[in-house]
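Engineer: okay, predicted coordinates and the sequence, questions at the end:
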Amino acid sequence: MAKIKTVKLTKIFGPSPERALTLLSQGKTKDEIFNQTGLAVALVDVSFEVQAGEILVVMGLSGSGKSSLIRCLNRLIEPTQGKVFIDGEDITNLEHNALLELRRHKFGMVFQHFALFPHRNVCHNVEYGLEIQHKDKAFRREKACQMLKLVGLEGWEEAMPSQLSGGMQQRVGLARALAIEPDILLMDEAFNALDPLIRDEMQNELISLQNRIKKTILFITHNLDEALKVGDRVVLMREGQIVQIGTPNEIITAPADDYVKRFVKNVDKCKLLTAQSIQVPAVVAYSDDAPRTVFDKMQTESLSCIFVVKRDNTLQGMVRIGSVETAVSRGDKTIASLINSELPTVTATEPLTTLISILAKWHWPVPVINEKHQLQGIVINTGVLAALAKKE
Amino acid sequence: MENFSIPKLPLDDWIDAGLDFLTENFAFLTKNISEYLEKIINFIIDSLMFFPPWVIIILFTLIAWRLSGRQVALFTLIGFAFIWNLRLWEPTIETLTLVLFATFIAVLISIPIGVFAAISKTAYRIIMPLLDFMQTMPAFVYLIPAIPFFGLGSVSAIFSTVIFAMPPTIRLTCLGIKQVPKELIEAADAFGSTKRQKLFKLQLPLAIPTIMAGINQTIMLALSMVVIAAMIGAGGLGGEVWRAIQRLQPGMGFQAGIAIVILAMILDRITQKIGQKN
């Protein structure tokens, strides 16, 4: 079951939004509806699912409805139409007190401009959510210290928010959200107000933190690099509608339309493309094959080298056409003695940057293997170039 | 032409009739309250006068020092000593008591009203024009209906002073709460705060500096009204001025006037700094 699921979520700002709904069903655009009725259409039929333990990034420019979307999930904004399910429970009709309970226990929210309470010190800020739940003082204090330690702010308990730098303030924001032990973290452009170096650092920390805490995270950003770096999956939004949902690799390699393409154009692909996305299937030989058979195979496929595997696809090494040819004339029985096992290998998640540096020294294809040392495919230098060329 | 003249609306008669009705039915109650209040006020004045002036002066100087620093403390010391020297100590204590008492009641009523105006739009729409009315109505007018309810003397003075001095605290409480950034309210909401928790844990604490500015204004208005209320027998420094007018003694009038100015400055400086501190 999905942790979060939205079904045809629609949000219209302004009085009597039914007018906009009718116009939407007639196929009018957002601008047309605004000019005609003065109603602002923020979300149109947004449906997606977030699995438990996943980081889903919602990415879009300002005005794309991403902020409204995240606020519809805990009903800080009431959806006009559509349903939101949390753990399979429809929360769109929850009455006020049940909604407060839901917010108290299920959601931790982190804000773009931190939204720390300026009259409370760091520790009391982190305690806020627990205070609201009427938890006792000692418990609150202990939990807060624990969370501050988790985000690397040990020893800053008594400082006031105004004494901290932006990055530190956002760590407090994160600790405050985590203190209530929520299942779901809602992060509303959480790192966008930070300067680039700190932002990068915080992204890395979020990723490593996520490995330990395994929350379901909905992360909002207007920065595609950030989306692709942080997200397990990315939802691209435009004018209140979903344009594409996919893994970072899918977004880069197969942009759904020109809009996405325009975004992807400026992404530094070297860091994001991985061996998996550019590997090609390998033609293989077995070590007990006769040199003649292997030579013929290489001739037909016009290969200068071939990878040798065991029957279970475990990589043994590589043989070159020159040595196979010699073996044929020598009359060897198998190619076993020709195998060169000293060769670089990569895994599927290896980024393009490392592949390029390997291919600069190694003039043969690079095999891609899995954790069992089984051959998955190969990366050839033309493949790398082709992937880079797709940029333009 | 006279045949066509539109008859005058008997607004004055209506108000009189309304006030008469209230006086007939409620005066026994207000007169009772008045008696008790009068006793309390006199008790405070008597206890303050029981001590020699220099004790009170040093006490105020210390308070000023604690709350607002050395400069204000020094000013308080010199100011009060000067008043004592002018032989105006007793009327000053009377005025001070009336001001602080009226301010206390005004603040007690104003803050809840201000909170209410900030939270409810309907309340805001009703309260704001009422405040305009209260502030623009000439201060003297409040004195007239106070007499039938509370009789001549200090309670009537306090009644009209409270009404006259409330608006700034109401307005600034409302403003202070409304000024709390939306983001912070949203954060509090996201954690599942109830309205009450939001008010006491977030909105009121953040509004304190603004509310203090309102209280400072209320004290200043209370002082000016207490002086005017001398006309209905409130006594104090206003009484000294009033007597000087009747006897055409400009020297005595100015002397009391200067004492009022000094008292105003002391109260203003002390309370202003409290607001800034927060």
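Structural biologist: Noted; the coordinates are in hand.
Engineer: residues from the stretch 151-300 of chain A in reach of chain B?
Structural biologist: Contact residues (CB under 8 Å from any CB of the partner chain) of the stretch 151-300 of chain A with chain B: A:180, A:186. C-betas here are computed from N, CA, C, even on glycine.
Engineer: just want the residue of the stretch 151-300 of chain A that's nearest chain B.
Structural biologist: Per CB to the nearest CB, residue A:180 is where the stretch 151-300 of chain A lies closest to chain B, at 7.1 Å.
Engineer: SS state for residue B:6?
Structural biologist: Assigned by DSSP: H, G, I helix; E, B strand; the rest coil, the conformation of residue B:6 is coil.
Engineer: let me see the backbone angles for it.
Structural biologist: As for residue B:6, its main-chain torsions (degrees, to the nearest 10) stand at phi -80, psi 130.
Engineer: distance check, it against chain A.
Structural biologist: As judged by CB to the nearest CB, to the nearest Å, residue B:6 and chain A stand 42 Å apart.
Engineer: how many other residues sit next to that residue?
Structural biologist: Neighbours of residue B:6 under the rule other CB atoms under 10 Å in any protein chain shown: 5.
Engineer: up against chain B, what does the stretch 1-150 of chain A have?
Structural biologist: Residues of the stretch 1-150 of chain A found near chain B (CB under 8 Å from any CB) are A:74, A:76, A:99-105, A:107, A:109, A:111, A:113, A:115, A:117-119, A:128-129, A:131-133.
Engineer: of these, buried ones?
Structural biologist: A:74, A:76, A:100, A:102-104, A:107, A:109, A:111, A:113, A:115, A:117, A:119, A:128-129, A:131-132 (16 or more other CB atoms under 10 Å in any protein chain shown).
Engineer: which SSE is residue 63 in?
Structural biologist: You didn't say which chain, so I picked chain A. Using DSSP states H and E, residue A:63 falls within no helix or strand.
Engineer: please go with chain B instead
Structural biologist: Counting by DSSP H and E, residue B:63 is found in helix B:53-68.
Engineer: which other residues reach that helix?
Structural biologist: Helix B:53-68 has contacts (CB atoms under 8 Å, 6 or more residues apart in numbering or on different chains) with B:48, B:72-73, B:75-77, B:80-81, B:84, B:89, B:93, B:266, B:269-270, B:272-274, B:277.
Engineer: and residue B:215, that's in a helix?
Structural biologist: Yes - applying three-state DSSP, one finds residue B:215 inside a helix.
Engineer: pretty sure it contacts residue B:108?
Structural biologist: No - if you go by CB atoms under 8 Å, residue B:215 and residue B:108 don't touch, sitting 11.0 Å apart.
Engineer: more neighbours: the two, which one.
Structural biologist: Of the pair residue B:215 and residue B:108, residue B:215 is the one with more neighbours under other CB under 10 Å, namely 22 against 12.
Engineer: in terms of pLDDT, where does that one sit?
Structural biologist: pLDDT for residue B:215: 93.
Engineer: for residue A:46, helix, strand, or coil?
Structural biologist: Local secondary structure at residue A:46 is given as strand here, using three-state DSSP.
Engineer: what does residue B:118 give?
Structural biologist: Classified using three-state DSSP, residue B:118 is helix.
Engineer: on that earlier part again, narrow the buried ones among the residues of the stretch 1-150 of chain A next to chain B to those in strands?
Structural biologist: A:107, A:109 (DSSP state E).
Engineer: could you tell me which residues of chain B lie near chain A?
Structural biologist: B:181, B:183-184, B:186-194, B:197, B:201-202, B:205-206.
Engineer: just the buried ones from those residues?
Structural biologist: B:184, B:186-193, B:197, B:201-202, B:206.
Engineer: out of those residues, which sit inside helices?
Structural biologist: Residues of these located in helices (DSSP state H): B:184, B:186-190, B:197, B:206.
Engineer: now for those: which two are most distant?
Structural biologist: By the measure CB to CB, B:190 and B:206 form the most distant pair in those, at 17.2 Å.
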